[in-house]
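> sequence and predicted structure, then a few things I'm wondering about:
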Amino acid sequence: MTGRLLRPIAMVIALLGVVDPAMTIDEPVRPMVALSVAADADAVVERVASALGDRFVAVPVPVAGAVATVAVGDVPGDGQFDGSIPAFVIVDDTPRVVISRLDVPERALSGEQIPVGVTLRPVGGGGSVPVTLELLVGGTLAERQTVDLSGRAAADLRLSFVPGGTGPHHVHVTARGAGVASAADALVTVVDERWRVIVHDARPAWPSTFLRRALEADARFLVSARVATSRRADVASGGPPVSIEEAAGLDTVDVIVVGVPDALTARESAALERFMRERGGAVIFLLDQMPAGRVAGVSSWVERLRDEAVALLDAAGVPVLEVSEMAVPRAWPAAARPMVTVAGGGQETVVWEQPVGSGRLIVSGALDAWRYRASAASRFDQFWTSAVADAASRVPKHVEIRMDPRVVRPGGAMTMRVDVRPGGVVSEAESVGAWLDAEGARAPIRLWPVAPGTFEARVEAPDVPGVHRAVVRAEAGEVAADFVVAPDATAVAAEVARLGAWSTAHGGRLVLLSTIADPHAGLLAALDAIVTPSSRPVVWHPMRSAWWIVPFALVLGGEWWRRRRGP
């Protein structure tokens, strides 16, 4: 009886194939996940794709309709992300040592010693072996240091080099040890200029006097000074302005050193603040006694006296000053960053800096450091000339171009930011043009205004390795910014705490690479916690499946076999 049904079954299958029936069913939707991959994180992509499985569809950023963003490696600018959806960060926690900070000035003067600040940070217990840090400039080894990170959360190191000439200098730092390898790149543009510094004293003061002498002996600085010796008389050198108000209005001044900051008038203080906020200049306050009033936003000070001189250390732990009298604030300004601290317990800060608008303020409470400038443990002249040079190198020009990053891989993305400040004041409207100059060929750059006098653009780096430049033409003149295209360019590694805070602020969380496949703590579990399963109605044509040919062939074959064997 069953054999006789084979032919009707085959005929039904054939008839349904001709009719092509349709029905509506609910189909699960595979949500889209926007995937952002850092240039040096390609090896992690396969593990991320495996963790996503067939539950999600990974697409490049930016994309509309994604339910979440997954960033692999360092986090790029927020402009690449949709702030309305959660953002997760995949962090490689393989035991190693990473370079989490590479600090070099964008511009420096020829002949000066250029500082290179590096922060090494062990990850996953990777700091158990000595690490050798190498500084290469233009492919040539400039300095080498070895550091032991055992038991340390991080190490701040200071390297330096003297440029061989003007122009762009490619800085490449590597950290190597047993099973440890990390690198980072930066660029310094060396120019043949002199920084203009003005020293202003309301009365004669020793700290500013000896700092001025150190600057005058340094060919990088053009120094002018005015010292008030009485109410009606003063001593001037180098052609300084008549008053501090006039100095703060000069857009050619880079740094103003104030020897007696507590003697400034209200008008002078207001002029210095405008100089920092609008010009972007640097101001240095040198205290020579306990302040009589409010200085640098601090109204209450504490005097520290020592029987013997103590060493003061910079951020790298190197002794730079000696002092026995110090003035320190009772409460620190919120944005203050320590520059020099007391050696030993407590690490009390004596010299610090803080941003003021687009400029910066440096305050020194080392009251009698000038007394010990000849001591073997003191580097009074070197410290202050380096601090002034660093502050001056960060002062913006009339037209300032910033490329981020300045060392990029071929075809990599860069952010270009242009600030126009004619006359030292932010311009509200100005005609600005820009182009990319690569091997003599010009490629126009479309600048978008983001604020009065500020423009931004996304730039794709050329495919040809080497030194290239972006050029901007404005009413204030034409300026250029160099950048380097290198096949092995590497950015500094972001700190895990910062990545975690970033992802939490964007509604997601941080996922360690070692736990990415964990069903409870991995990427899939993190996405499942925020994604609600959904489906959509779709029209289904069951007979359009090629698999129907299998039962159809079996039924026909069975019916033929039955007839061959007879009734």
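Perfect, thanks for sending it.
> secondary structure element for Gly65?
Per DSSP states H and E: Gly65 is located in neither a helix nor a strand.
> tally of neighbours for it?
For Gly65, the tally of surrounding residues (other CB atoms under 10 Å) stands at 10. All C-beta spots, glycine's among them, are computed from the backbone N, C-alpha and C.
> kindly report the same for Pro28.
Neighbour tally, Pro28, other CB under 10 Å: 10.
> cool, and Ala525?
Counted with other CB under 10 Å, Ala525 comes out at 15.
> report the secondary structure state of it.
For Ala525, the assignment made with DSSP: H, G, I helix; E, B strand; the rest coil gives helix.
> mind listing the helices for the stretch 351-500 of the chain?
380-393, 496-505 (DSSP state H, counting those that start in this stretch).
> would you mind putting those into CSV with mean pLDDT alongside?
CSV is the format used below for these (pLDDT from 0 to 100):
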stretch, mean pLDDT
helix 380-393, 90
helix 496-505, 75
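> and those helices: which comes nearest Trp195?
Of all the helices of the stretch 351-500 of the chain, helix 380-393 sits nearest to Trp195, with 3.9 Å by CB to CB.
> show me what the closest one is packed up against.
For helix 380-393, the packing partners by 3 or more CB pairs under 8 Å, 6 or more residues apart in numbering; DSSP states H and E come out as strand 107-109, strand 195-201, helix 206-216, strand 221-228, strand 255-258, strand 282-286, strand 319-329, strand 359-364.
> of the ones you listed, which is nearest Asp185?
With CB to CB as the yardstick, what comes closest out of the helices and strands packed on helix 380-393 is strand 107-109 (16.6 Å).
> partner strands of the helix or strand following that closest one, parallel or antiparallel?
Where DSSP H and E defines the elements, the next helix or strand beyond strand 107-109 is strand 114-123. According to DSSP bridges, strand 114-123 forms sheet pairs with strand 96-103 (antiparallel), strand 155-161 (antiparallel).
> in the first one, what counts as buried?
Neighbour-count burial for strand 96-103, counted by 16 or more other CB atoms under 10 Å, picks out Arg96, Val97, Val98, Ile99, Ser100, Arg101, Leu102.
> about what we covered before: tabulate the helices and strands packed on helix 380-393 (a markdown table), appending distance to Leu187 and mean pLDDT.
Formatted as a markdown table, those follow (distance: least, CB to CB, whole Å; pLDDT from 0 to 100):
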| stretch | distance to Leu187 | mean pLDDT |
| --- | --- | --- |
| strand 107-109 | 10 | 82 |
| strand 195-201 | 20 | 89 |
| helix 206-216 | 27 | 91 |
| strand 221-228 | 24 | 86 |
| strand 255-258 | 24 | 92 |
| strand 282-286 | 22 | 93 |
| strand 319-329 | 27 | 90 |
| strand 359-364 | 22 | 92 |
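> identify the residues contacting stretch 520-534?
Contacts to stretch 520-534, defined as CB atoms under 8 Å, 6 or more residues apart in numbering, come from residues 28-29, 31, 33, 48, 51-53, 55-56, 67-68, 70, 86, 88, 90, 507-509, 511, 515-519.
> oops, could you answer that again for stretch 478-485 instead?
Contacts of stretch 478-485 (CB under 8 Å, 6+ apart): 167-168, 170, 185, 187, 189, 397-403, 405-410, 412, 414, 416, 437, 461-472.
> cool, stretch 375-389 as well?
Contacts for stretch 375-389 (CB under 8 Å, 6+ apart): 108-109, 112-113, 115, 195, 197, 210-211, 214-215, 217-218, 220-221, 255, 257, 282, 284, 309, 311, 314, 319-322, 339-340, 362, 369-370, 372-373.
> go again using 6 Å as the cut-off
Leu211, Ala214, Asp218, Val255, Ala311, Pro319, Val320, Leu321, Glu322, Tyr372, Arg373 (CB atoms under 6 Å, 6 or more residues apart in numbering).
> for the residue lying closest to Leu510 once chain neighbours are set aside, grab the count of nearby residues.
In space, and not counting its chain neighbours, Leu510 is closest to Gly500: 4.2 Å by CB to CB, 6 or more residues apart in numbering. By other CB under 10 Å, the residues close to Gly500 number 15.
> Thr146 is in contact with Thr132, correct?
Yes. Here Thr132 reaches Thr146: they are 5.0 Å apart, a contact under CB atoms under 6 Å.
> which of the contacts of stretch 478-485 are buried, as a PyMOL select command?
To isolate the buried subset of these in PyMOL, counting by 16+ other CB under 10 Å, use the following:
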select buried, resi 168+170+185+187+189+398+399+400+401+403+405+406+407+408+409+412+414+416+461+462+468+469+470+471+472
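> for the stretch 401-550 of the chain, which segments count as strands?
Secondary structure of the stretch 401-550 of the chain (DSSP state E, counting those that start in this stretch): strands at 407-408, 413-420, 433-438, 441-445, 448-451, 454-460, 466-474, 477-485, 510-512, 535-540.
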